[in-house]
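In: have a look at this prediction, sequence included:
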Amino acid sequence: MVFKFISAPFSRDMGIDLGTANTLVYIKGKGILIREPSVVALDSSEDSVLAVGEEAKKMIGRTPGNIIAVRPMKDGVIADFDITETMIRHFIEKAHKRTRLVRPRVIICVPSGVTEVEKRAVLDAARSAGAREAYLIEEPMAAAIGAGLPVHEPTGNMVVDIGGGTTEVAIISLGGIVTSRSIRIGGDEMDEAIIQYIKRKYNLMIGERTSEEIKIDIGSAVTDEPEKTKEIRGRDLVSGLPKTIEVTAEEIREALEEPVTQIMDAVKYTLEKTPPELSADVMDKGIVLTGGGSLLQGLDRLLMEETQMPVHLAEEPLDCVVKGTGVALEELESLKRVLITPKKIS
Ligand SMILES: Nc1ncnc2c1ncn2[C@@H]1O[C@H](COP(=O)(O)OP(=O)(O)OP(=O)(O)O)[C@@H](O)[C@H]1O
C-alpha cells in the first residue's frame with residue numbers, strides 16, 4: 001500500500017520580537033524558528049547589505065574600513081529605519097524560506113517607549129516586507145503573556161523585562177498596563193559600564209563582545225564568589241599594544257553597580273505609583289523577571305532584598321517576549337485589546 005502524506009496547511013502568521021540585542025521569530029503552529037542578533041553588516045562603499053543576524057554580529061569590531069556592522073535598534077529605539085526595515089524583511093523572508101507565496105499576518109513587539117512615528121515605521125516596514133496585516137504589541141505585555149501571567153484577570157501582575165537596550169517595568173491587570181516605566185538601561189548599558197570601569201582602572205580598552213562575555217561569565221548584582229577571576233584581553237591605552245589582565249568577580253560587581261541600581265530604582269518607582277490593591281496582589285504573587293538581562297547572577301536576589309517582595313525568574317527569560325507574541329497570534333481575535341494597533345494595515 002502506498003501512503004500519501006499530504007502536509008496539513010499551516011498558517012505562516014508570525015510574531016516578531018524586534019529586540020535591541022536579539023530578534024526572535026515565532027511561526028504560528030511551529031514555534032520559535034529564528035533567534036538571531038539584531039545586527040546588520042553593510043558595505044558602505046557599495047551601499048549594500050552583506051549579512052544579517054549571527055553572521056553580521058561576528059563582524060562587530062572586526063570590520064575593515066568599508067564594512068560597518070550596525071545595530072539598528074540601539075537603546076530600544078529605531079536608530080536607523082532603513083536598516084531596521086532591511087532586517088525585518090530578511091527575517092520574514094528567512095522564516096518563510098524565501099517563498100513569497102503567502103502574505104502573513106504579523107505581530108511585532110516593540111519597546112513601550114517608541115514614538116508614534118516609530119510605530120508607524122515598524123508597521124510600514126512589515127507591510128513592505130510582505131505582511132498582509134501587521135499589529136504591534138508592547139514589550140511588557142508580550143513578556144507578561146509569554147511568562148504565563150494571567151493578564152486578563154482583575155489582579156495585579158508585575159513584570160520586569162530587562163533586555164539589551166531597555167528595562168520595562170509594568171503592572172498589568174484586566175488586559176491593560178496600569179502603571180509602567182521604561183528606562184534606557186539594560187544589558188548593553190551593563191556592557192558599557194564594564195568597558196568604562198576597565199578603562200578607568202587598568203587603562204585597557206576592551207570591545208563590546210569581550211565586555212558581554214565578562215558580564216555573562218563572572219558578572220553579578222550580588223556575588224557569592226568575589227574571588228573568581230577571568231582573564232581578558234584588550235589594548236593598553238598607554239603603549240597601544242595588546243595586553244592581558246585578570247579581573248575579579250567583585251570588580252565586575254562594582255562596575256555593574258550603577259546600571260543595576262537604576263533598574264532597582266525603576267522597579268521601586270513603579271511600585272510607588274501602583275494603586276494599593278494591585279500592590280497587595282504583587283506582594284502575594286511576586287515580581288516576574290524576564291529578558292536576557294534578568295539572567296545576571298544575583299539580580300533576582302537583590303531585587304527581593306530591595307523590594308521585600310517575592311521575585312521569580314521566568315522560565316527561559318530570553319524567549320518570553322516572542323512566546324507572548326506567539327500566544328497573541330494564536331488568540332489574535334480575543335487578544336486584540338492588548339495590541340497597540342488593532343487596526344489592520346493593508
Ligand atoms: N547569562 C546572562 N547574564 C547576564 N546577561 C545576559 C545573559 N544572557 C544574556 N544576557 C544579556 O541579555 C541581553 C539581551 O536580552 P534580550 O534578548 O531579552 O534583549 P532584547 O529583547 O533584544 O532587547 P530589548 O528588550 O531592549 O529590545 C544582552 O544584553 C545580553 O548580554
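Out: Received, thanks.
In: return the residues of the stretch 51-200 of the chain in contact with the ligand.
Out: 76, 111, 139, 163-166, 186-188 (Cβ under 6 Å from any ligand atom). (C-beta placed from N, C-alpha, C; glycine too.)
In: turn those into JSON lines, including neighbour count, secondary structure and pLDDT.
Out: Converted to JSON lines, those look like this (neighbours: other Cβ atoms under 10 Å; DSSP: H, G, I helix; E, B strand; the rest coil; pLDDT from 0 to 100):
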{"residue": "76", "neighbour count": "27", "secondary structure": "helix", "pLDDT": "68"}
{"residue": "111", "neighbour count": "26", "secondary structure": "coil", "pLDDT": "80"}
{"residue": "139", "neighbour count": "31", "secondary structure": "helix", "pLDDT": "92"}
{"residue": "163", "neighbour count": "29", "secondary structure": "coil", "pLDDT": "93"}
{"residue": "164", "neighbour count": "25", "secondary structure": "coil", "pLDDT": "91"}
{"residue": "165", "neighbour count": "25", "secondary structure": "coil", "pLDDT": "89"}
{"residue": "166", "neighbour count": "29", "secondary structure": "coil", "pLDDT": "91"}
{"residue": "186", "neighbour count": "28", "secondary structure": "coil", "pLDDT": "95"}
{"residue": "187", "neighbour count": "26", "secondary structure": "helix", "pLDDT": "96"}
{"residue": "188", "neighbour count": "24", "secondary structure": "helix", "pLDDT": "94"}
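In: what's the most distant pair in these?
Out: Maximum pairwise distance in these, criterion Cβ to Cβ, is 15.3 Å, between 139 and 188.
In: so where's the chain uncertain?
Out: For the chain, the stretches with pLDDT under 70 are 1-11, 76, 97-102, 334-346.
In: tell me where it has helices.
Out: With helices called from DSSP state H, the chain shows them at 54-57, 81-95, 116-128, 139-146, 187-202, 208-218, 249-255, 257-272, 276-285, 299-307, 320-330, 332-335.
In: out of the ones you listed, which is the most enclosed?
Out: helix 139-146 (a mean of 30; mean count of other Cβ atoms under 10 Å).
In: with residue 174 as the reference, name the closest of the helices of the chain.
Out: In terms of Cβ to Cβ, the element of the helices of the chain nearest to residue 174 is helix 276-285, at 10.3 Å.
In: other SSEs contacting that closest one?
Out: In terms of contacts (3 or more Cβ pairs under 8 Å, 6 or more residues apart in numbering; DSSP states H and E), helix 276-285 is packed against strand 157-162, strand 167-173.
In: cutoff 6 Å now
Out: The contact analysis (3 or more Cβ pairs under 6 Å, 6 or more residues apart in numbering; DSSP states H and E) places helix 276-285 against no helix or strand.
In: which residues touch it?
Out: 155-156, 158, 171, 173, 309 (Cβ atoms under 6 Å, 6 or more residues apart in numbering).
In: mind running it again at 8 Å?
Out: Contact with helix 276-285 is made by 155-158, 171, 173, 178-179, 271, 274, 309-310, as judged by Cβ atoms under 8 Å, 6 or more residues apart in numbering.
In: stretch 289-306 too?
Out: Contacts of stretch 289-306 (Cβ under 8 Å, 6+ apart): 21-22, 143-144, 146-147, 159-164, 167, 186-187, 190, 215-216, 219-224, 256, 260, 263-264, 267-268, 287, 310-314, 317-318, 320-321.
In: run the last query once more with 7 Å
Out: Stretch 289-306 has contacts (Cβ atoms under 7 Å, 6 or more residues apart in numbering) with 21, 143, 147, 159-164, 167, 186-187, 190, 219-223, 260, 264, 267-268, 287, 310-314, 317-318, 320-321.
In: pretty sure residue 40 contacts residue 68?
Out: No - applying Cβ atoms under 7 Å, one finds residue 40 not in contact with residue 68, separated by 9.1 Å.
In: neighbour-wise, which of these two wins?
Out: Of the pair residue 40 and residue 68, residue 40 is the one with more neighbours under other Cβ atoms under 10 Å, namely 25 against 15.
In: any idea how far the ligand is from that one?
Out: Taking Cβ to the nearest ligand atom, to the nearest Å as the measure, residue 40 and the ligand are separated by 14 Å.
In: so who does that residue touch?
Out: 49, 52, 56, 70, 72, 83, 86-87.
In: okay, those residues in CSV with distance to residue 238 next?
Out: Formatted as CSV, those follow (distance: Cβ to Cβ, whole Å):
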residue, distance to residue 238
49, 39
52, 38
56, 33
70, 31
72, 35
83, 36
86, 41
87, 39
